[in-house]
Each structure stands twice: as structure tokens, then as C-alpha cells.
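Enquirer: Let me see the structure of the following:
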Amino acid sequence: MKFKTVMIIKAIVCLGFGPLLLFVPAWLLNLLGTSYGPGAALTAREYGAALIGNLLLTWLARNAEDSIARRAIIWNLFIYDAIALVTTLSIQLSGGLNILGWGIVAVYLFFTIFFGNLLLPKTKTA
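Expert: Coordinates of the predicted model:
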């Protein structure tokens, strides 16, 4: 999958979840079957803000040419999604989320694989 395509998909996912976590975290957390309180509200809203930041990064950088900056963006998103994959999978396996939590795991797995793939050296065809 091409850089631009992955960046657009990531921007759309961030657009879908960022505002929900920022403005109506109780609704989304209840939908995922997890508890909601003041600590969860703070964490969810901060995570929503991070997703809005990722939305802006992925949308504005979607047309970036191959460069050191583009590679730094890919590394950033790869590490972000890999850490999120491990932590979300851990929470899911411990029973912290309902069945919908597997969708979140799948989203992070998707982005970890595709951003990781963008980091692999390109092979030249003859």
C-alpha cells in the first residue's frame, strides 16, 4: 500500500475517534464496555487530543515526497501504532474491553503492519 493511501486511511480513523474521545468520552468508553470516571475522562480526552494531532499530521503530510522528514513521520507513526497495539491487546486479553475492543486491536495491527512495511528497504526490479 502506498504512503499516501495509508496516511489518508489513518487520518479518517483519527477523524472518527478523536472528536468522540475529546467531546463524548463517556459514550465511547461505555460502548467499549469499560468503566468511566474522572481519571478515565482525563485519559480519554488527552488521547482524543493526540488523535486530533495524528489526524493533522497524517492529512497534512499525505503528499510528502520521499525525504528524511517523511521517514521520520513513518517511524513516529509505526512506533505509536506498535505501542498502541501491544497495550490495547493486553487490555483486551485481560478483559478490560468488550468484543468491540478486538476492532481497535485490528486497527492498530493494520497500521503497524503498513507503516512497518513502508520502513522496509525498497527492492529494485530489473
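
Enquirer: Quick check: buried residues in the longest helix belonging to the chain?
Expert: With secondary structure taken from DSSP state H, the chain has its longest helix at helix 68-93. Neighbour counts using 16 or more other CB atoms under 10 Å place 70, 73-74, 77-78, 80-82, 84-85, 88-89, 91-92 of helix 68-93 among the buried residues. Any C-beta I mention is one placed from the backbone N, CA and C, and that applies to glycine too.

Enquirer: Quick check: which ranges of the chain have low pLDDT?
Expert: 124-126 (pLDDT under 70).

Enquirer: And the helices in it, which stretches?
Expert: Assigned by DSSP H, the chain shows helices spanning 3-23, 25-31, 38-60, 68-93, 101-119.

Enquirer: Who are the packing partners of the last one?
Expert: Helix 101-119 makes packing contacts with helix 3-23, helix 68-93 when contacts are defined by 3 or more CB pairs under 8 Å, 6 or more residues apart in numbering; DSSP states H and E.

Enquirer: can I get those in CSV with distance to V105?
Expert: Formatted as CSV, the helices and strands packed on helix 101-119 follow (distance: least, CB to CB, whole Å):
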stretch, distance to V105
helix 3-23, 13
helix 68-93, 5
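
Enquirer: And L120, its phi and psi?
Expert: phi -70, psi 150 (degrees, to the nearest 10).

Enquirer: From Y80, how far out is it?
Expert: 18 Å (CB to CB, to the nearest Å).

Enquirer: ok, back up a step: so which of the helices and strands packed on helix 101-119 is nearest W59?
Expert: Proximity to W59 (CB to CB) singles out helix 3-23 among those, at 4.3 Å.

Enquirer: for that closest one, packing partners?
Expert: Under the contact criterion of 3+ CB pairs under 8 Å, 6+ apart, helix 3-23 touches helix 25-31, helix 38-60, helix 68-93, helix 101-119.
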